[in-house]
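# Prediction below, plus the sequence it came from.
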Amino acid sequence: MKAKKLIIGVLMLNAFGASAQILTGDSFAKYDIDKYDGKSDHKHQYAEAAVALKSRFELDKNDQLSYTSVVECAGMDKDKIYDNISGWFTKAFADKSSSIKTNDKESGALVVNTTLKNVVSFPHQIVSVNMIVKINIKDGKLRLVQTIKDYVINTSSNWTPKKCAPFYDEQDALRKKIGSSAYVASCVFAEIVEKQLKEAVTPKAPVKDNDDDW
């Protein structure tokens with residue numbers, strides 16, 4: 001029993017210690033877009049999905065696209081909320097595609113610049129997304145703001161999201177696919193981050209082990 005528990009512990013440490021992007025091109029390709037594009041064909045209709053998700057992000061004062069959500073944390077003060085999520089935050093954004101700008105317990109602020117690298121590929125076009133994730137903590141709740149800064153095409157060309165589909169009536173078919181796919185990837189990323197954050201802020205109670213053989 002002791003050896004079994006030790007192995008499990010090592011596996012858990014390896015899992016938590018590994019730095020990995022939250023959303024990769026492979027994981028996005030496997031994501032079920034059908035729930036957004038309205039077609040049960042297991043294909044990625046990015047344009048349709050982008051239109052369905054258009055209301056997720058709104059144009060902010062900096063002409064960037066932002067999605068804001070508030071998570072209620074009843075019974076927890078600011079320090080407790082920070083303690084619960086800080087480990088998740090540093091591990092989630094530990095890879096070289098991210099740069100943590102703020103991680104301050106006193107002010108209750110956590111900010112990271114992150115890039116969804118090579119999240120979508122088309123012939124001769126590889127798409128990445130630059131995003132900002134901000135968390136502000138108060139007693140009893142936190143606010144999560146996720147902002148799409150721009151789309152990067154082939155590491156050299158930066159596209160402004162508000163000038164891409166679904167926010168811009170793009171006539172060129174390929175540009176429409178690129179803009180739509182980048183936006184859908186951003187929405188999927190935002191969904192995953194919000195889900196993981198909610199799980200981190202209210203961790204599950206440890207399972208009691210009644211086995212005396214330790």
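Cool, the structure landed. Numbers count the residues shown, from 1 in each chain.

# Determine the longest helix present in the chain.
helix 173-201 (DSSP state H).

# Now do the closest residue in space to Gly87 that isn't next to it in sequence against Val193, distance only.
Leaving aside its chain neighbours, Gly87 sits nearest to Ala200 (7.6 Å; criterion: CB to CB, 6 or more residues apart in numbering). Just so you know, the C-beta spots here come from the backbone N, C-alpha and C atoms, and that holds for glycine as well. Taking CB to CB, to the nearest Å as the measure, Ala200 and Val193 are separated by 10 Å.

# Those two: which is more packed in?
Val193 (23 against 17; other CB atoms under 10 Å).

# Check which element follows the helix or strand bottoming out on mean pLDDT in the chain along the chain.
Least confident element among the helices and strands of the chain, by mean pLDDT, DSSP states H and E: helix 2-17 (a mean of 35). As assigned by DSSP states H and E, the chain's next helix or strand after helix 2-17 is helix 25-29.

# tell me what the longest helix of the chain is packed against?
For helix 173-201, the elements it packs on are helix 46-52, strand 65-72, helix 78-92, strand 109-122, strand 125-138, strand 141-153, strand 157-159, judged by 3 or more CB pairs under 8 Å, 6 or more residues apart in numbering; DSSP states H and E.

# ok and it relative to strand 65-72, angle-wise?
20 degrees (axes from the mean of the first three to the mean of the last three CA atoms, to 10 degrees).

# Specify the angle between helix 173-201 and strand 141-153 in degrees.
150 degrees.

# Please point out which parts of helix 173-201 sit buried.
175-191, 193, 197-198, 200-201 (16 or more other CB atoms under 10 Å).

# just stretch 150-167 next, same as before
Result for stretch 150-167 [16+ other CB under 10 Å]: buried residues 150-153, 159-161, 164-167.

# just stretch 104-113 next, same as before
Neighbour count says stretch 104-113 has 108, 110-113 buried, by 16+ other CB under 10 Å.

# Quote the end-to-end distance of that stretch.
End-to-end span of stretch 104-113 (CA to CA, to the nearest Å): 15 Å.

# Other residues contacting stretch 157-177?
46-47, 50-51, 53-54, 57, 59, 63-65, 122, 125, 148, 150-153, 178-180, 182-183, 186 (CB atoms under 8 Å, 6 or more residues apart in numbering).
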